[in-house]
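>>> take a look and give me a structure for this.
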Amino acid sequence: MTTLPIFVVLFGILVTVSTLTDVQWHNDTAGRVISPPTPDTAVAFANPDGIVLPEAGTYEVGDRYVSIDVMRESTGEVQTLNVHVREPLGAGGGRPGIVFLHGAGYGTCDNSFSDVAEAMGSAGIVTAVVDKPAWSTIDVNRDYPASADAYDAVIDYVRGMRTVDDGKVGIYATSEGTWISSYLLQHDPDVAFQILLSPMVFTPRESLAFFVAQDFTLAGAHGGYQSIVRRVFNIDAALFGLTNLDIRTLTPAAYAIPTFVAYGSRDVMTAQVEGLETILAMCERAGNRHVTVRSYQGGNHVLRPGDLTALGTPYSGNYVNDLIAWVGGTVAGLTPTGERVAGAPIRQSSAVPTLHAQRVATVYGVILHILTVLLLVASGVAAAVALGVRLRQGIRRRRPVFGFSHGFGRALALLVMMTALTLLLFAAAMGRIVMSVVDLAWGGSPAHDPGIMYWSWPVAQVACTLVVWEWSSVLVRLIEVASVRGILQLPPRKGAVREIVTGEQPVLASRRLGRVTFWLAGASMFAILLVFAFWGLFSYTEPLVY
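From the prediction side, this is the model:
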């Protein structure tokens, strides 16, 4: 009669936390497909005058290195960037030029774009690959406007080269670099053309949330784990000085010049269908009809077949030759013919979520996790003290270390063990999911049997329910013993408090160390349950679709 109401109250608190911290977003999982009219990715132009378009292998390629100093305007920090310049030998003047913009990570002028830059150089195009501008930033606080200024400095250098036509210099941006290219084009509209490989069209918050949510599904993770994705990507990162999640780079000015968009059919990071629709809409608003879209069968996020980490893997299909032909026809002022969109089917398994930072939930989550860590540390200290007392007493202990009574010691041990095992299961499942997502991002295939990624969520929910029930039983026993000791009556029985403090008539334990350890460990275990609730483990409904 007493255990059930207490269980309902405790369980209700945890369910309420899961409900209040839940994030609803668009959860349309129906696959969307754009089927190009032709699988042929070849690029064609109306060429009545028979202008000879560039082809790979026409010229020998000479290369050299230059250094350019760039300054981060917001801080005054200066960085020296190495630039690897490749030039077609004997091609004469008036050549087109391309500057390459890196994706995520820390690419250098030597370990990035080498094959495509070499091929373009052999076709008569001057290329410049630069060290990625990083300054004193890392991935989470990258300075995109400053990066755009740095790349623009390289563009100015290429424009000033004797062999280059300064009106024919374009950019090649991939993945994260397509956020930078938006800033660059708003600042420098004289860029002649752009090549966008696996473009990240939406805000970083939306793009990353889509990527992770989609890959959780592809990996076979239980749908409950999506609640973690939703909460992570609704964090108010501005509280920690991180503002990149919500940068707005989607503007017609970023698509006002001739644009070549390339996708890979095995890219699991990019929202291709919605991204393409948005790019075409931006080009339409900018009055730009010179848009070519190609999708290459078997290509991953960097348009290479297989594993992203494999070195020396060629690009998928006829990508490099298509690029060279497109650049040649574009800088010659020719009009594209044929299909605007061609190649492999363009697919997207779920929708891009519309997200907003949630400050209250972020503050609550931070406080909860810090408090949980502090309680766990304090519990560890109490356990270490108990171990020290036991060691001082020697093998034949004279007095109990904790002095637990009425079975509270066994109950606490059971609660700690059940909570710890649930936490380990949860952590193991998340580790396996993260490994699977990384493998998918690198071009791998989903596991045939998701295993722990699927069954761990309902098992963890059942285990947490049992822990809450056990807590209810412990609290009922605590109330019963306290009542017998006269603590709960008003006023308390005379001398009852003294007897409990001195251990003469204990409720929990005869030793102060036992009582302190019980409450610290108990608070830690309940805090872990609140952490589970924060991440949605006590949510039993599917997210709303809007």
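
>>> could you verify that Y315 is part of a strand?
No - per DSSP: H, G, I helix; E, B strand; the rest coil, Y315 lies outside any strand segment and is coil.

>>> you'd agree V268 is in a strand?
No - using three-state DSSP, the assignment for V268 is coil, not a strand.

>>> excluding its backbone neighbours, what's nearest it?
Nearest residue to V268 in three dimensions, chain neighbours excluded: L440, at 5.0 Å (C-beta to C-beta, 6 or more residues apart in numbering). (Glycine included, C-beta is placed from N, CA and C.)

>>> for A104, same thing?
E176 (4.5 Å).

>>> what's the nearest residue to the residue nearest in space to the middle of the chain if we skip its chain neighbours?
Nearest residue to the geometric centre of the chain (C-alpha atoms, centre = their mean): L208, 4.7 Å. Distance criterion C-beta to C-beta, 6+ apart; nearest residue to L208, sequence neighbours excluded, is F233 at 6.5 Å.

>>> wait, a strand at V467?
No - using three-state DSSP, the secondary structure at V467 is helix, not a strand.

>>> that one: what's it in contact with?
L415, M418, T419, T422, M525, L529 (C-beta atoms under 8 Å, 6 or more residues apart in numbering).

>>> just I98 next, same as before
Per C-beta under 8 Å, 6+ apart, neighbours of I98: A117, M120, I125, V126, T127, A128, V169, G170, I171, Y172, I195, V327.

>>> try 10 Å this time
Contacts for I98 were tallied using C-beta atoms under 10 Å, 6 or more residues apart in numbering; they are 86, 113, 116-117, 120-121, 125-129, 155, 158, 168-172, 192-195, 323, 327.

>>> residue ranges of the strands in the stretch 101-250 of the chain, please?
126-130, 164-174, 194-197 (DSSP state E, counting those that start in this stretch).

>>> and S295, which of those strands is closest to it?
S295 lies closest to strand 194-197 among the strands of the stretch 101-250 of the chain, at 11.7 Å (C-beta to C-beta).

>>> what lines up beside that closest one in the sheet?
With DSSP bridges as the test, strand 194-197 is paired with strand 164-174 (parallel), strand 259-264 (parallel).

>>> now do the helices in the chain.
Secondary structure of the chain by DSSP state H: the helices cover 3-20, 114-122, 144-159, 177-187, 204-219, 226-232, 272-286, 319-331, 359-393, 408-441, 452-484, 496-502, 512-534.

>>> list the helices and strands the fifth one packs on?
Where contact means 3 or more C-beta pairs under 10 Å, 6 or more residues apart in numbering; DSSP states H and E, helix 204-219 is packed against helix 177-187, helix 226-232, helix 272-286, helix 408-441, helix 452-484.

>>> which of the strands of the stretch 101-250 of the chain sits closest to S18?
Proximity to S18 (C-beta to C-beta) singles out strand 164-174 among the strands of the stretch 101-250 of the chain, at 39.1 Å.

>>> I'd like the distance from that closest one to the chain centre, please.
31 Å (C-alpha atoms, centre = their mean, to the nearest Å).

>>> what's the mean pLDDT across that strand?
Confidence for strand 164-174, expressed as mean pLDDT, is 96.

>>> can you check stretch 122-138 too?
pLDDT averaged over stretch 122-138 gives 93.

>>> then stretch 181-196?
95.

>>> now stretch 73-85
For stretch 73-85, mean pLDDT is 93.

>>> now it - C-alpha only, CSV.
Provided in CSV are the C-alpha atoms of stretch 73-85 (Å, rounded to 0.1, in the frame of the first residue of the first chain):
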residue,chain,number,x,y,z
GLU,A,73,40.5,40.5,-38.3
SER,A,74,38.7,39.8,-35.0
THR,A,75,41.9,39.2,-33.0
GLY,A,76,44.7,40.5,-35.2
GLU,A,77,46.3,37.1,-35.2
VAL,A,78,48.5,36.4,-38.2
GLN,A,79,49.1,33.1,-39.8
THR,A,80,51.5,32.2,-42.6
LEU,A,81,49.8,29.9,-45.2
ASN,A,82,51.7,27.7,-47.6
VAL,A,83,50.2,27.6,-51.1
HIS,A,84,50.9,24.8,-53.6
VAL,A,85,50.5,26.3,-57.0
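
>>> contacts only, for A428.
I452, M453, S456.

>>> return the member of those residues nearest to L245.
Nearest member of the contacts of A428 to L245, counting by C-beta to C-beta, is M453, at 26.2 Å.

>>> I'd assumed Y225 was in contact with the closest one.
Yes - with contact defined as C-beta atoms under 10 Å, M453 and Y225 form a contacting pair (7.7 Å).

>>> cool, thanks, talk later.
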